[in-house]
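Novice: My questions are about this predicted structure, shown below with the sequence.
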Amino acid sequence: MSFFKKLKESISTKTENVTNKFKEGLTKTRSAFVERVEDLMIRRKKIDEDFYEELEEILITADVGVNTVMELIDDLRSEVRKRKIEDAAELQPVLSEKLVELLQGEDQVTANQIKLSDNGLTVILFVGVNGVGKTTTIGKLAHRYQQEGKQVVLAAGDTFRAGAIEQLEVWGDRVGVEVIKQQAGSDPAAVIYDALKAAKNRNADILICDTAGRLQNKVNLMEELNKIYRVIQREVPDAPHEVLLVLDATTGQNALSQAKLFGEKTGVTGLVLTKLDGTAKGGIAIAIRQEMDIPVKLVGLGEKMDDLQDFDPDQFVHALFSDFIQREEEREELEEPSERL
Ligand SMILES: Nc1nc2c(ncn2[C@@H]2O[C@H](COP(=O)(O)OP(=O)(O)OP(=O)(O)O)[C@@H](O)[C@H]2O)c(=O)[nH]1
């Protein structure tokens, strides 16, 4: 059986449901990154030093991150030796496998899912600097839970930026969920407190809290977040169930620096990569997973309400390479018609 057929069978069944949206959302990365890999594998055929060098350059350009690329290339070299691979195109499934491994990290797939409370109110806190797509993501997530029949309440905890409260209200109206707010400039912890009370009174399932992201004033941000955590924990002892840091994928390595800066210090439990549809450098998902101990849980693939997807490494890699795999299969079938008999 060919490598490609094996890959198709070995990749979990989940990937068979790869949505067109996922594929569409990654169009830019697919044409800049995957098509270059495809071209390289078909053009060069032979796996030699020039091949590795060119592959290295493509991966770095896609923002996979220099250290990760070096490790990846070393891994590929040893797999090529071990599996005695000669034809460059046969390296594609190995590359896919390695990319999935890198994206999964050590804690495997379950770590990529949003944690919800088993009983009672789930509290999800959003952090991230202005303009990364925080409000949009909150709106999309509220829409998702609403569609699932859950009762959702939003808390307008970004009282700092002019317009942030109104922007959340627009999303609240659009999705049809209540937004708990106070005046601009008020204490965010007080807003969150009100929202917790309101959510409990209404027997809501999920409270999603917006917060201000002011990196320029880290000490205050930390104090503010700690205060918010204390308020939340007093009301719901096992909350917040998730603290999601939103990062704009189009800012590439900058997103990675933000992840590091906010990262562990603010108790972030998951990352959201927005605007993946707007970048050819989708490799940033891999760099971030490698540099951080925090999994990517959600990805934004467009501006519309349902353009939010759970991040599944298998699905991500499969969506990237699926056209390539299909073309290779067709090529193989043309070359080996007897296999079908
Ligand atoms: N293409 C695309 N655009 C997105 C995505 N997510 C958000 N956006 C757009 O990015 C812009 C900024 O998003 P906001 O949600 O306003 O960003 P924010 O982080 O809440 O910004 P502040 O309210 O300033 O903190 C908006 O124009 C969104 O429509 C995405 O996944 N894909």
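Specialist: Yes, it's here.

Novice: Please make it C-alpha for all contacts and neighbour counts, starting now.
Specialist: Noted.

Novice: so what's residue 139 closest to, chain neighbours aside?
Specialist: residue 171 (5.3 Å; Cα to Cα, 6 or more residues apart in numbering).

Novice: For the one helix or strand the one you found maps to, name the packing helices and strands.
Specialist: Assigned by DSSP states H and E, residue 171 belongs to helix 164-175. Packing partners of helix 164-175 (3 or more Cα pairs under 8 Å, 6 or more residues apart in numbering; DSSP states H and E): helix 134-147, strand 178-180.

Novice: then it to CSV, C-alphas only?
Specialist: C-alpha atoms of helix 164-175 as CSV (Å, rounded to 0.1, in the frame of the first residue of the first chain):
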residue,chain,number,x,y,z
ALA,A,164,-15.0,48.1,24.2
ILE,A,165,-18.3,47.8,26.1
GLU,A,166,-20.4,48.9,23.2
GLN,A,167,-18.5,46.5,20.9
LEU,A,168,-19.3,43.6,23.2
GLU,A,169,-22.9,44.8,23.3
VAL,A,170,-23.1,44.7,19.6
TRP,A,171,-22.0,41.1,19.7
GLY,A,172,-24.4,40.4,22.6
ASP,A,173,-27.3,41.7,20.4
ARG,A,174,-26.2,39.8,17.4
VAL,A,175,-25.9,36.5,19.2
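
Novice: show me where the chain has helices.
Specialist: Per DSSP state H, the chain carries helices over the ranges 3-10, 20-25, 27-29, 35-44, 49-61, 66-83, 91-104, 134-147, 164-175, 188-201, 218-235, 253-262, 284-291, 313-335.

Novice: what comes up buried for the last one?
Specialist: When you say that, I think you mean helix 313-335. For helix 313-335, a neighbour-count test (16 or more other Cα atoms under 10 Å) marks 313-325, 328-329 as buried.

Novice: Any chance of JSON lines for the helices and strands packed on helix 164-175, columns mean neighbour count and mean pLDDT?
Specialist: Converted to JSON lines, the helices and strands packed on helix 164-175 look like this (neighbours: other Cα atoms under 10 Å; pLDDT from 0 to 100):
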{"stretch": "helix 134-147", "mean neighbour count": "22", "mean pLDDT": "96"}
{"stretch": "strand 178-180", "mean neighbour count": "22", "mean pLDDT": "97"}
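
Novice: Which of those sits closest to residue 202?
Specialist: Among those, the nearest to residue 202 by Cα to Cα is strand 178-180 (10.5 Å).

Novice: Mind listing the strands the closest one pairs with, and their directions?
Specialist: strand 152-155 (parallel) (DSSP bridges).

Novice: quick one: average confidence on the partner strand?
Specialist: Taken as a whole, strand 152-155 carries a mean pLDDT of 98.

Novice: Make 49 the starting number, not 1.
Specialist: Yep, numbering from 49; the last one is strand 200-203 now.

Novice: coming back round to it: out of the helices and strands packed on helix 212-223, nearest to the ligand?
Specialist: Smallest distance to the ligand across the helices and strands packed on helix 212-223 (Cα to the nearest ligand atom): 3.5 Å, for helix 182-195.

Novice: Which secondary structure elements does that closest one sit against?
Specialist: Against helix 182-195 (3+ Cα pairs under 8 Å, 6+ apart) you get strand 170-175, strand 200-203, helix 212-223, strand 356-358.

Novice: the inter-axis angle of the first one versus helix 182-195?
Specialist: Angular relation of strand 170-175 and helix 182-195 on a 0 to 180 degree scale: 160 degrees, by axes from the mean of the first three to the mean of the last three Cα atoms, to 10 degrees.

Novice: Can you name the residues in contact with strand 170-175?
Specialist: Strand 170-175 has contacts (Cα atoms under 8 Å, 6 or more residues apart in numbering) with 164, 182, 186, 253-261, 287-294.

Novice: Close to the ligand: what parts of the stretch 49-198 of the chain are there?
Specialist: 177-184 (Cα under 6 Å from any ligand atom).
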